[in-house]
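Chemist: Structure here, sequence nowhere to be found:
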């Protein structure tokens, strides 16, 4: 997994033993290959260190191209040949630590080359534009906006007051209303030896042209990959979009909608208010999700679902009507 | 529809043909009257251009006073005499474009006459007060606040850090906590020839005396008319109030409550947390809505409702108890 | 109840009659003791004035150590000996007024002794640090952050852009993402003679080490006591935590979760998205609450609950399956 060096500093490859040492991981390894990056187990390539926490008898999906893999003791022998096992008590936590020695998120106040601001852009004096950021033609940046290092803002894009943006590429003609938070870390937690630990997030947010994002809405950057919002998608206030979510074009999302990590929403989907979508779910093109739906499974294209857990809207309405009939108030005898 | 020129620039009337030309709308019209404003079809007056997208055989509610009306081909003949038809593929989108040539939202950084700040008001140095805005006696404006051009803030009103306010008139003794976003565009989307398009919002937010607004809450300005929050209404954190909502006095709204567009809430209504109210719904005075209710219909004054879709709370509780009884865990045979 | 004078100014004790006079409360009292503070009725001590609004025949839980107590006319005779009754039309409102004469919240722009900023801390130039605040070793304060007077920020703690913090003590290694609002007033409303009145909040927020708080999340300060977030607890974006909530260690809270006032969550509880917890509820250690649960009662340690109102998850899933079976689409006859 390469990181985007506009947003992250790459500290360069390290030998496996050096890496374990700086991470404070006390374990012995059978070889000392060079580690240049981290990756998910299934897609790891040469130079990557990944992790595996499952039951090795049920599914050992570690790529044979991985250079090394953090594992529990019982899985070390099941790795593909050539993948150096690194036995630790908390494999996912160990990879988190390793990633923090390989990469570093640039801070909001990172110094560096001057931002590039188009001469026709209007930037309020109280806005803060990070090092190496770029602001396009006729863009408007309101007071109190904070743009992190390396962020790209397209032409005619308007950013409302007190919006913050980091680790993001924003297209042309985008509108972001007041108080939105774009590109903060997604919610990833793992167990370490001393309790809960944040999983670092090394991806980006990509917002395509003509997208509108409501006030106080949050869009988290990807963990490995990117969070993507497709062209002309319109997002209301107080919406939450988690890491790695991929949203197509012309999608409508009303207030309080929340999309959990790694879910994908195809073109033209329409969501009423307060729709919740679980993680790793796929919503087919043109589907309609009624207000307050709770979606825990894939929804076929073009269908209309409602309720929580959601079912086809017609079925959901029949259930409600049936229950009301069963429990109707007693009529007085004549 | 007149716009409030404290918040919008009125570019002046234009002849219909000029207006269509600058909007890039390629259609021929039978007359060339002067267009001074836009309006909803039913309430349009002389000088207004409105739009009609329905089935002309079922309901043709275009005011006979309208000067012109964007319509689909099949509705042109059904307009009242004297209303000039403008045949386009996307009537609502065409009106959006026309409105953008007649009016323009003043930007957050618009220059103009100096703001009027009462000598007893305390304004933090990092707050930004827009041109022509007014800050009342003993008002307190915290650091990071952004007040748009023309906004009026009453006496003794306290605005918390990083709040933004535009297109709004705020009364006396109002409290707005940190991060709230007041007066941003409501969520209105229409179909244009190339996909989803934002519908511009030309109204205001009116907040009456002694209102309290929680942290990170959003109150959108009206589309045509105003969004209004009545005296002493108390709103918790992370609440969403959409465009054109009208709320009475002494209303209580707990966290995560969302009120959709054009709904109205009468005096003394009490809402538990996470109540959702659909658009164009009316809640009668003194009604109580249980936490997590989903309200899709009018609620009579004084009643207590719950569930989603909501029904009278007593009925809702009976349904829950009945279901639990039907599906009670099997008792072991003695 | 003592107030933390880092956040509140204590105006000093006053005689009861003077206090009633400055509050504009026109009532006669049988004695004129010195009032130094306010308290809840059950825990009031010498010098405290409390209030009682219940039915004195059912439960008169006023501490015999209280110096005075606001009561309705019918309860005056039922107070313990030695507690001076103060008969008013709105006892809770009267206590609110009295508290405002005894204490005063320091404003965001309060002047006072310089903040103490560790030489290794990185504070963005546009951040505002209040009088008497303290910023620890290697802490990072992003642009647009507003830190109120007296706030303590621990070592290595990172505060994202446009976060605001007041009346709070923040530990070491804490991460607070963009736009969060920490320490604003909780949502407390009471009836006064002219309508709804805010109840002032005199407590604090305590955030222990290694806590992570998501973007645009709100954590309100306590009313009397403190709102507390325990070590390593991880909170997602757009979460609401009300006044006096006490959360243990290693608790996970996903987006849109809302915890109402005075509820307590023990160590290791895991909540899916959009969990709502009513006020004064206790969640036992290690309990798991499914996404969108509505919790209106105590949950025993280690159990898994779901639905709204929540029941054990297994029971909830059986109910859903049973209903779907009853209302299954009719099969066509063969």
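Modeler: Good, I have the coordinates. A quick note: this is a predicted structure, and the numbers were derived from the prediction, not measured.

Chemist: which residues in chain A form helices?
Modeler: A:16-22, A:91-102, A:313-326 (DSSP state H).

Chemist: Now do the buried residues in the shortest one.
Modeler: Applying a neighbour-count criterion of 16 or more other CB atoms under 10 Å in any protein chain shown, one finds A:16, A:19-20 buried in helix A:16-22. To be clear about C-beta, it is placed using only N, CA and C from the backbone, and glycine gets the same treatment.

Chemist: among the helices of chain A, which is the most enclosed?
Modeler: helix A:91-102 (a mean of 22; mean count of other CB atoms under 10 Å in any protein chain shown).

Chemist: picking up where we left off before, in a markdown table: the helices of chain A, plus distance to residue A:63.
Modeler: Below are the helices of chain A laid out as a markdown table (distance: least, CB to CB, whole Å):
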| stretch | distance to residue A:63 |
| --- | --- |
| helix A:16-22 | 17 |
| helix A:91-102 | 14 |
| helix A:313-326 | 42 |
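
Chemist: Redo those helices as CSV? Include mean pLDDT and distance to chain B.
Modeler: As requested, the helices of chain A are exported to CSV (pLDDT from 0 to 100; distance: least, CB to the nearest CB, whole Å):
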stretch, mean pLDDT, distance to chain B
helix A:16-22, 96, 38
helix A:91-102, 97, 29
helix A:313-326, 94, 5
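
Chemist: So which of those helices is nearest chain C?
Modeler: Among the helices of chain A, helix A:313-326 comes nearest to chain C, with 4.7 Å by CB to the nearest CB.

Chemist: residues in contact with the closest one?
Modeler: A:288, A:290, A:304-307, A:310-311, B:309, B:311, B:315, B:319, B:322-323, C:323-324, C:326-327, C:329 (CB atoms under 8 Å, 6 or more residues apart in numbering or on different chains).

Chemist: Quick check: the spatially most central residue of chain A vs residue A:206, distance?
Modeler: Central residue check for chain A by CA atoms, centre = their mean: the C-alpha nearest the mean position is that of residue A:243, 1.1 Å away. Computed as CB to CB, to the nearest Å, the residue A:243 to residue A:206 distance reads 13 Å.

Chemist: Spit out the residues that contact the two alike.
Modeler: Joint contacts of residue A:243 and residue A:206 (CB under 8 Å, 6+ apart) are residue A:227.

Chemist: Kindly indicate which of the buried residues of helix A:16-22 lies nearest residue C:239.
Modeler: residue A:19 (35.0 Å; CB to CB).

Chemist: Please list all residues in contact with the closest one.
Modeler: A:35, A:49, A:98, A:101-102.

Chemist: Check the separation of the first and last residues in stretch A:163-170.
Modeler: End-to-end span of stretch A:163-170 (CA to CA, to the nearest Å): 13 Å.

Chemist: Quick check: mean pLDDT of it?
Modeler: Regarding stretch A:163-170, the rounded mean pLDDT is 98.

Chemist: Widest-spaced pair of the contacts of residue A:19?
Modeler: A:49 and A:101 (10.6 Å).

Chemist: can you list the domains in chain A?
Modeler: Following automatic domain parsing, one gets these domains for chain A: A:8-105, A:167-316.

Chemist: okay, the ones you listed, which one's buried deepest?
Modeler: domain A:167-316 (a mean of 23).

Chemist: okay, and for the stretch 151-300 of chain A, where does confidence drop off?
Modeler: Along the stretch 151-300 of chain A, no part satisfies pLDDT under 70.

Chemist: Please identify the residues of it in proximity to chain B?
Modeler: Proximity of the stretch 151-300 of chain A to chain B, by CB under 8 Å from any CB of the partner chain, involves residues A:160-162, A:175, A:177-179, A:210, A:212, A:214-216, A:231-234, A:236-238, A:249-250, A:252, A:254-256, A:273-274, A:291-292.

Chemist: now do 6 Å
Modeler: Taking CB under 6 Å from any CB of the partner chain as the contact definition, the stretch 151-300 of chain A meets chain B at A:161-162, A:177-179, A:212, A:215-216, A:232, A:234, A:236-238, A:250, A:252, A:255-256, A:273-274, A:292.

Chemist: Next up, the contacts around the closest residue to residue A:117 other than its chain neighbours.
Modeler: For residue A:117, ignoring the flanking residues on the chain, the nearest one in space by CB to CB, 6 or more residues apart in numbering or on different chains is residue A:135 at 4.5 Å. Going by CB atoms under 6 Å, 6 or more residues apart in numbering or on different chains, residue A:135 touches A:117, A:121, A:153.

Chemist: Which of those residues ranks first by neighbour count?
Modeler: Top of the contacts of residue A:135 by neighbour number is residue A:153, holding 32 neighbours under the definition other CB atoms under 10 Å in any protein chain shown.

Chemist: thinking that one is in contact with residue A:168, fair?
Modeler: No: in this structure, residue A:153 is not within contact of residue A:168 by CB atoms under 6 Å, at 8.8 Å.
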